[in-house]
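> any chance you can model this:
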Amino acid sequence: MANERTIEAQVRQQGASTGKATVRSHSLLVDRPTEKGGADQGPMGGELLLLALGGCFLSNLLAAARTRDADVDDVTVTIEARLGESPERMTHFTLQVSGKYEDRAEMEKLVTIAERGCLVAATLRAGAVVEVLLT
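Sure thing, here's the model as predicted:
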C-alpha cells in the first residue's frame, strides 16, 4: 500500500535467555525470570506488552491534558492482564488511572481521549495479524 506506515524494533540475542531490544535510539534487555529458566536481566515480552499499553495510554493522556491546559499531575497508570489458557494468552486488560487533578469531569474526558488515541489499545481491541517469517 502506498500510504502504509510502519514502526520497527529489533531484539538481538545477548545471552542464553536474554535479548537486547532496540527501537530508535533506545534499548533495554528482555529476559525470563530465573524460575522460568532465564537470567532475569529484564522484563519478559508479555510484561513489555503491559508497559506498551500503559505507556501509550499515559503519553496520550498527558498530551491531551497539555493541549487543554488541564491541571493534571502525578499520574500513575497500573496495568493488569488476566491470563487465559489453550494457548496461554492475555484475555483481558485493565488500566487503573490515578493522579492529582482538580476537575473529575475533565479528567474523565481526558481518560476517554487517551483511550481512543492509544495505538496499542486500538490494536489489542481490533486484533492484528501476526506473521512470522524466517529469513
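
> every contact and neighbour count from this point should use C-alpha atoms.
Noted.

> what about the strands in this protein?
Ranges of strands in the chain, per DSSP state E, are 10-13, 19-23, 26-30, 72-84, 89-101.

> angle of the last one against strand 72-84?
If I follow you right, that is strand 89-101. Comparing the axes of strand 89-101 and strand 72-84 via axes from the mean of the first three to the mean of the last three C-alpha atoms, to 10 degrees yields an angle of 160 degrees.

> show me what strand 89-101 is packed up against.
Using 3 or more C-alpha pairs under 8 Å, 6 or more residues apart in numbering; DSSP states H and E, the elements in contact with strand 89-101 are strand 72-84.

> what comes up buried for the strand it packs on?
72, 77, 79, 80, 81 (16 or more other C-alpha atoms under 10 Å).

> now that strand - C-alpha only, CSV.
Coordinates of each C-alpha in strand 72-84 appear next as CSV, following Å, rounded to 0.1, in the frame of the first residue of the first chain:
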residue,chain,number,x,y,z
VAL,A,72,-3.2,17.2,36.0
ASP,A,73,-0.1,15.9,37.7
ASP,A,74,1.4,12.8,39.3
VAL,A,75,-0.5,10.4,37.0
THR,A,76,0.0,6.7,37.5
VAL,A,77,-1.4,4.0,35.3
THR,A,78,-1.5,0.5,36.7
ILE,A,79,-2.0,-2.2,34.0
GLU,A,80,-3.2,-5.7,34.8
ALA,A,81,-3.8,-8.6,32.4
ARG,A,82,-6.0,-11.6,33.0
LEU,A,83,-4.4,-14.8,31.7
GLY,A,84,-6.3,-17.4,29.7
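
> so what's the residue nearest to residue 27 when sequence neighbours are not counted scoring on pLDDT?
Using C-alpha to C-alpha, 6 or more residues apart in numbering and skipping the chain neighbours, the partner closest in space to residue 27 is residue 21 (5.3 Å). Note on residue 21: pLDDT of 98.
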